[in-house]
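*Asks:* starting from these lines, generate the structure:
(one chain, ligands or ions: 2)
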Amino acid sequence: MSKLIAPSILSADFSKLGSEVEMLNSSEADWIHVDVMDGVFVPNISFGFPVIEKIKEYATKPLDVHLMIINPDHYFEKFKSAGADILTIHYEAETHLHRAVSAIKELGMKAGVALNPHTPAALLEDIIHDLDLVLIMSVNPGFGGQKFISNTYNKISRLKKLINDSGSKALIEVDGGVNLTNSAKLYKTGVDILVAGNSVFSSVSPKQTIKEIKSARW
Ligand code: DX5
Ligand code: ZN
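*Replies:* Ligands and ions are numbered 1, 2, ... in the order given. Down below sits the predicted model:
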């Protein structure tokens, strides 16, 4: 399949959120990545339902919602109503992962599981065939603009093997510290979707940066 990019709205200028979303609509972005942080699972708080509803009102592309919250299963219906198309929860935040993934899918959303940098891909062995997406964190979650952790390449390769061996259709997404210097190698290693926040929104031409990251080839 072709390579996708999901710019992270966390790095947008919130004083003009509507026009930032419109910029993404008219760019080559495939999905809009929406980071939800609760100040408990991660040491930062981002935004909640009213903001996601506004993003949805403007967006013409799927909302890829990444939950960095504890007890994510308490809120699945609310994220669905707010406009989530893909809902990703953290492995480390959910004791009953199979039940949670099934509940997300029953609500009509794609289900993803995110792994913190220290969490091995192998822990997904018995659920990989149920997942639509695995999100590999390439920074410690909580903040935009952090440095990419290079062990991520090994992890992508191991996850890719797990997916191929199991016959799963899960896509691989990488999130954190993605920019023009590592995007080509990440796609080449097996990533399907790259999330990019700071590198896109701090660029003089975000649309051009989206295009360049997406077309990067090793
Ligand atoms: C970090 C978030 C990321 C973040 C990525 O906890 O999950 O999605 O927005 O931002 P950059 O691309 O700036 O590292
Ligand atoms: Zn994210």
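*Asks:* tell me which residues of stretch 27-46 are tucked away?
*Replies:* Residues of stretch 27-46 classed as buried by neighbour count (16 or more other CB atoms under 10 Å): 27-38, 41-42, 46. For glycine as for every other residue, the C-beta is placed from the backbone atoms N, C-alpha and C.
*Asks:* filter those residues by proximity to ligand 1?
*Replies:* Filtering these for proximity to ligand 1 by CB under 6 Å from any ligand atom leaves 33, 35.
*Asks:* closest to ligand 2 among the buried residues of stretch 27-46?
*Replies:* D35 (4.3 Å; CB to the ion).
*Asks:* the strand or helix carrying the closest one near ligand 2 anywhere?
*Replies:* If you go by DSSP states H and E, D35 is part of strand 32-37. Yes: applying CB under 5 Å from the ion, one finds strand 32-37 in contact with ligand 2 at D35.
*Asks:* on contacts alone, who are the packing partners of that strand?
*Replies:* Packing contacts for strand 32-37, counted by 3 or more CB pairs under 8 Å, 6 or more residues apart in numbering; DSSP states H and E, involve strand 4-7, helix 49-58, strand 63-68.
*Asks:* for the ones you listed, give me CSV that also has mean pLDDT, distance to ligand 2 and mean neighbour count.
*Replies:* Listed next are the helices and strands packed on strand 32-37 as CSV, based on pLDDT from 0 to 100; distance: least, CB to the ion, whole Å; neighbours: other CB atoms under 10 Å:
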stretch, mean pLDDT, distance to ligand 2, mean neighbour count
strand 4-7, 98, 9, 26
helix 49-58, 98, 13, 15
strand 63-68, 99, 4, 26
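*Asks:* so, low pLDDT: which residues of the protein?
*Replies:* By pLDDT under 70, the weakly predicted segments of the chain are 1, 218.
*Asks:* quick one: name the residues of it near ligand 2.
*Replies:* Checking the chain against ligand 2 by CB under 5 Å from the ion, the hits are 35, 66, 175.
*Asks:* and the last one, how many neighbours?
*Replies:* Right, the one you point to is D175. When neighbours are counted by other CB atoms under 10 Å, D175 registers 25.
*Asks:* before we move on, the earlier item: nearest to ligand 1 among the buried residues of stretch 27-46?
*Replies:* Ranked by distance to ligand 1 (CB to the nearest ligand atom), the buried residues of stretch 27-46 are led by D35 at 4.6 Å.
*Asks:* what about stretch 133-143, near ligand 1?
*Replies:* Yes: using CB under 6 Å from any ligand atom, stretch 133-143 reaches ligand 1 at 139, 141-143.
*Asks:* let me know the closest of the residues you listed to N182.
*Replies:* N182 has its nearest neighbour among the residues of stretch 133-143 next to ligand 1 in V139, at 12.0 Å by CB to CB.
*Asks:* SS state for that closest one?
*Replies:* Following DSSP: H, G, I helix; E, B strand; the rest coil, we place V139 in the coil state.
*Asks:* the residue nearest to it when sequence neighbours are not counted: what's it in contact with?
*Replies:* Closest residue to V139 apart from its sequence neighbours, by CB to CB, 6 or more residues apart in numbering: G176 at 3.1 Å. Applying CB atoms under 8 Å, 6 or more residues apart in numbering to G176 gives the contacts 137-139, 141, 146, 148-149, 195.
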